[in-house]
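Asker: Sequence and predicted model, in that order:
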Amino acid sequence: MKNNKYFKCFLFLFLMLISSVAGARNLWKGKMVLQNWNDHIVLLSGALRNVSFGDKITVTITDVTGTGGVDDYPIVVVKTSTKFKNIDDWPLIATTLNGLLHGQKELEFYVTYDILEMLRKYGLIVQGAFCTITSVDVVSTKYSHDGDFADAIWMGNVPFQYWANYVLVPNLQWQLSGAKAGDVMRIKYEVTADEEPGIKLGYLSSKDWSWIDFDKFVNDSIPADKNGYIDIPLTDEFMDVWGHYDKCHSALIRGRHVNITTILLYDKNGKELRRKKNLKIVEATYDNL
């Protein structure tokens, strides 16, 4: 009986080890030089059929050749190739790249419900200029297959150098979180340079895909030596825009000289909002875009 107990314990540990090794999967590997904005890598939806909710996708970047000038501006954008009426793509994250970068850089983001839906329908595009992509990988995390991934509406690792860098929080994420006016959005960040680091909030218009800032919530005064977070009250103004598909496709968080790592939601009493479980996602969710 005792031996049987040890055998079960060994079997459990062995399966966990196999699971963790199998969790890392290469979606694309090679050497794709992105010299101008027309260069890109396309992963069809079939290549992403085994990507799960909570997995982490990593794009490995190397050989940045641009200097950041008008004519050689190095940048990478990860997006899906959707066809929402006149909108040809659905950007997920973007980052500009330091022209003096040596070695490799990794752009990471976690697969949330809205991202998973888009990947399975439309695939993934890695587009950019003046850099080289060597791999696109997906790895299982503690959040994979977890319907209770509610502690963050966005998680990743995007180093912001200029205001052109951004992350998006699509409307579906607000749906899943149950956020309402009076709640608080917490943006966690790390300061990467002492050159006026800041964060701007806004949204992408559903009508013309333009970027619109909430000017009065601009924060340009983050202490250069402080890594921490800022709390943004979700006012009626915020929710009137961010919570409606006909006005706003996504909440837009931009930054400069900061690395945004996590976006959380809390109620007015400081309790973390928990993601709704087993919410059935239907295509009609996006019909108004």
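Answerer: Sure, I can see it. Small disclaimer: the values here were computed from a predicted structure and weren't measured.
Asker: any low-confidence regions in the stretch 151-289 of the chain?
Answerer: Across the stretch 151-289 of the chain, the ranges flagged by pLDDT under 70 are 151, 170-176, 206-209, 215-221, 223-225, 243-249, 274-289.
Asker: repeat that with 80
Answerer: 151-159, 161-162, 164-179, 194-195, 203-227, 237-251, 273-289 (pLDDT under 80).
Asker: Can you report how many residues neighbour the spatially closest residue to K121 that is not a sequence neighbour?
Answerer: Residue nearest to K121 in three dimensions, not counting chain neighbours: S45, with 6.2 Å by CB to CB, 6 or more residues apart in numbering. Heads up, the C-betas are built off the backbone N, CA and C, glycines and all. For S45, the count of nearby residues is 16 (other CB atoms under 10 Å).
Asker: what's near enough to touch S45?
Answerer: S45 is in contact with L119, R120, K121, Y122, G123, counting by CB atoms under 8 Å, 6 or more residues apart in numbering.
Asker: Ok, G123 next?
Answerer: Counted by CB under 8 Å, 6+ apart, G123 has contacts V42, L43, L44, S45, A47, L48, T80, S81.
Asker: ok, the third one - how many residues close by?
Answerer: Just to be clear, that refers to L44. So L44, with other CB under 10 Å, has 11 neighbours.
Asker: May I have the predicted confidence score for it?
Answerer: pLDDT recorded at L44 is 84.
Asker: Now the phi/psi pair for the residue nearest to it when sequence neighbours are not counted, please.
Answerer: Ranked by CB to CB, 6+ apart and with sequence neighbours excluded, the top spatial neighbour of L44 is G123, at 4.7 Å. Note on G123: its backbone torsions stand at phi 80, psi -170 [degrees, to the nearest 10].
Asker: measure G123 to V136 for me?
Answerer: For G123, the distance to V136 equals 12 Å [CB to CB, to the nearest Å].
Asker: Same check on N259?
Answerer: Distance from N259 to V136, by CB to CB: 21 Å.
Asker: element containing the residue nearest to D63 when sequence neighbours are not counted?
Answerer: Excluding its sequence neighbours, the residue lying closest to D63 (CB to CB, 6+ apart) is T132, at 4.1 Å. Using DSSP states H and E, T132 falls within strand 131-139.
Asker: Beyond that strand, next helix or strand please.
Answerer: With secondary structure assigned by DSSP H and E, strand 131-139 is succeeded by strand 154-160.
Asker: name the helices or strands packed onto that next one?
Answerer: strand 90-96, strand 104-110, strand 166-170, strand 248-256, strand 258-266 (3 or more CB pairs under 8 Å, 6 or more residues apart in numbering; DSSP states H and E).
Asker: rerun at 7 Å
Answerer: Secondary-structure packing of strand 154-160 (3 or more CB pairs under 7 Å, 6 or more residues apart in numbering; DSSP states H and E): strand 90-96, strand 104-110, strand 166-170, strand 258-266.
Asker: picking that back up, just the buried residues of the strand holding T132, please?
Answerer: Neighbour-count burial for strand 131-139 flags C131, T132, I133, S135, V136, D137, V138 (criterion: 16 or more other CB atoms under 10 Å).
Asker: need these in CSV with distance to I57 and pLDDT, can you?
Answerer: As requested, the buried residues of strand 131-139 are exported to CSV (distance: CB to CB, whole Å; pLDDT from 0 to 100):
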residue, distance to I57, pLDDT
C131, 17, 87
T132, 18, 91
I133, 13, 93
S135, 11, 94
V136, 7, 94
D137, 7, 94
V138, 5, 94
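Asker: Phi and psi next, for D55.
Answerer: Backbone geometry at D55, expressed as degrees, to the nearest 10, gives phi -70, psi 160.
Asker: M32 versus that one, what's the distance?
Answerer: To M32, D55 is 22 Å away according to CB to CB.
Asker: which one of those two has more residues nearby?
Answerer: Neighbours per residue, other CB under 10 Å: of D55 and M32, the larger number sits with D55, 23 against 16.
Asker: which other helices and strands contact the strand holding T132?
Answerer: Partner elements for strand 131-139 (3+ CB pairs under 7 Å, 6+ apart): strand 25-34, strand 56-62.
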